[in-house]
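Chemist: here is the input, now give the coordinates:
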Amino acid sequence: MSPSRSAAALSLPRAPYAENPAASRGRHVFEPASRTRTAFARDRDRIIHATAFRRLKEKTQVFVAHEGDHYRTRLTHSLEVAQIARSLAHALRLDDDLAETVALAHDLGHPPFSHAGEDELHEQMKAFGGFDHNVQSFRVVTELETRYPGFTGLNLSWETVEGVVKHNGPVAHLLSDPAWKAVAAYAPGGAADWDLRLGTFASLEAQCAAIADDIAYNNHDVDDGVQAGLFSLSDLADVPLIGRCIASARADWPDIDERMLRLEAVRRMIGVMVDDVLAETEARLAKHRIETVEDVRNAPETLVQFSSGMMAELAVLRRFLFERMYRHYRVNRTRSQARRVLAQLFQLFMAEPEVMPPEWQASALTDDPYARARAVCDYIAGMTDRYAIEVHRKLFSLDLALDL
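Modeler: Purely as a prediction, here's the structure:
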């Protein structure tokens, strides 16, 4: 971010198209306002205290937790996304707290073992409505977290819940998918009686969280991939964007060592991507004459976005990461193991729900196969990598297990 833009963001008032917590549409179940926090800051604190948030510390981003202490987990990823989202919102004169809150919540529904876990749960749930981690995040905040006597879920503000489910754009076209049944209840006339306007865009703050997710994972996957030895900085020399950042860092620091070069190049790439988003967003706000939060929701396209040039460069970087990291044989071995673990757990719990913990048996011990499958899926989706591995060991080990 340029010094002039940063200084301007510090001195200018909230933009007219920013969400105002004092004008929030409220919570599904009425609660008196907090004496010390805005509505969105209160939402953020509820997410941080949620059990699902704590579990992110041992859920895979790319590498399983036991493979190294310095690789990103879902928790560290979520914190990095929140930091970038807050910075973008601040520079655009939006509500920092709302952007941070949506970012912290965006991966709450991710199962263990990253996308391998999501793919396997979807496979196992095909006959029972499927599985989608975005819907699962929505269900975590609206029903699965049970921490308060007056309601299920976290009873977050309308704008936060909207951002959790719509940060990637309108979702009305997805509601016919059985996996999105829980979200469909929040359409007009739905069972929830709380219209989230699923056919419109979410706030600019939620859009900041979505683009921050892209910025964070592209950068930390480069960092983690080099640390893991899956590729080297020299392999990245001709890859757009990161290659230029490596070259500029080396030019400024000719004697820099490889570790510091990696860190400096990634730091610079984050800065380049953030500046690109801010410039493109400001251009789109002007192009579409955005003046109110309603203008944001009814806009013809996403407003917080990369430029076309940046998107083209990121496509090349993602292809590199896909070939050299996400499908590296070491990562493939972990994916294969992860899918077997979750498949076997799912099938066992469906056949013998009585081996599940008591709090999950209540909903799984039913003759309705759909209800049983959803309860089994919810239990598995909430597991950490470590817990899934340990439960699998206890249930499938040939040794007599006395510590079940």
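Chemist: helices and strands of this structure: which one bottoms out on pLDDT?
Modeler: Ranked by mean pLDDT, DSSP states H and E, the weakest helix or strand in the chain is helix 3-11, scoring a mean of 50.
Chemist: list the contacts of the very next helix or strand once past that one.
Modeler: Next along the chain after helix 3-11, taking DSSP states H and E as the criterion, comes helix 39-48. Residues from elsewhere that reach helix 39-48 (Cβ atoms under 8 Å, 6 or more residues apart in numbering): 19, 21-22, 24, 33-34, 37, 53, 95, 97-98, 100-101, 104-105, 108, 141, 147, 154-157, 159-160. Yep, even glycine has a C-beta here, placed from its N, CA and C like the rest.
Chemist: buried subset of the residues you listed as a ChimeraX selection?
Modeler: ChimeraX command restricting those to the buried ones, with burial defined by 16 or more other Cβ atoms under 10 Å:
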select :19,21,24,53,95,97,98,100,101,104,105,108,141,154,155,156,157,159,160
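Chemist: narrow the contacts of helix 39-48 to those in helices?
Modeler: With DSSP state H as the criterion, helices contain 53, 97-98, 100-101, 104-105, 159-160 from among those.
Chemist: now this structure, which segments are flagged as low pLDDT?
Modeler: Low-confidence segments of the chain (pLDDT under 70): 1-11, 61-70, 398-404.
Chemist: these two touch, right, Ile211 and Ser87?
Modeler: No: judged on Cβ atoms under 8 Å, Ile211 makes no contact with Ser87 at a distance of 11.4 Å.
Chemist: of these two, who's got more company?
Modeler: The neighbour count for Ile211 versus Ser87, taken as other Cβ atoms under 10 Å, is higher for Ile211 (25 against 22).
Chemist: can you pull the contacts of the more buried one?
Modeler: 85, 88, 277, 304-306.
Chemist: ok, the closest residue in space to Pro240 that isn't next to it in sequence to Asn218 distance?
Modeler: Once flanking residues are discounted, Pro240 sits nearest to Glu313: 3.9 Å by Cβ to Cβ, 6 or more residues apart in numbering. Counting by Cβ to Cβ, to the nearest Å, the gap from Glu313 to Asn218 is 10 Å.
Chemist: repeat that for Glu390.
Modeler: Taken as Cβ to Cβ, the span from Glu390 to Asn218 is 32 Å.
Chemist: who has more neighbours, the two?
Modeler: Asn218 (19 against 13).
Chemist: how far is the helix or strand where that one lies from where the chain is centred?
Modeler: Assigned by DSSP H and E, Asn218 belongs to helix 204-227. For helix 204-227, the distance from its own C-alpha centre to the chain's C-alpha centre is 10 Å (Cα atoms, centre = their mean, to the nearest Å).
Chemist: neighbours around the nearest residue to Gly130 once chain neighbours are set aside, how many?
Modeler: Using Cβ to Cβ, 6+ apart and skipping the chain neighbours, the partner closest in space to Gly130 is Ala179 (3.6 Å). Look at Ala179: counted by other Cβ under 10 Å, it has 18 neighbours.
Chemist: can you get me the start-to-end distance on stretch 26-36?
Modeler: End-to-end distance for stretch 26-36, by Cα to Cα, to the nearest Å: 17 Å.
Chemist: please enumerate the helices of the stretch 251-400 of the chain.
Modeler: 258-287, 293-297, 308-321, 329-351, 358-364, 369-381, 385-396 (DSSP state H, counting those that start in this stretch).
Chemist: good, wrapping up.
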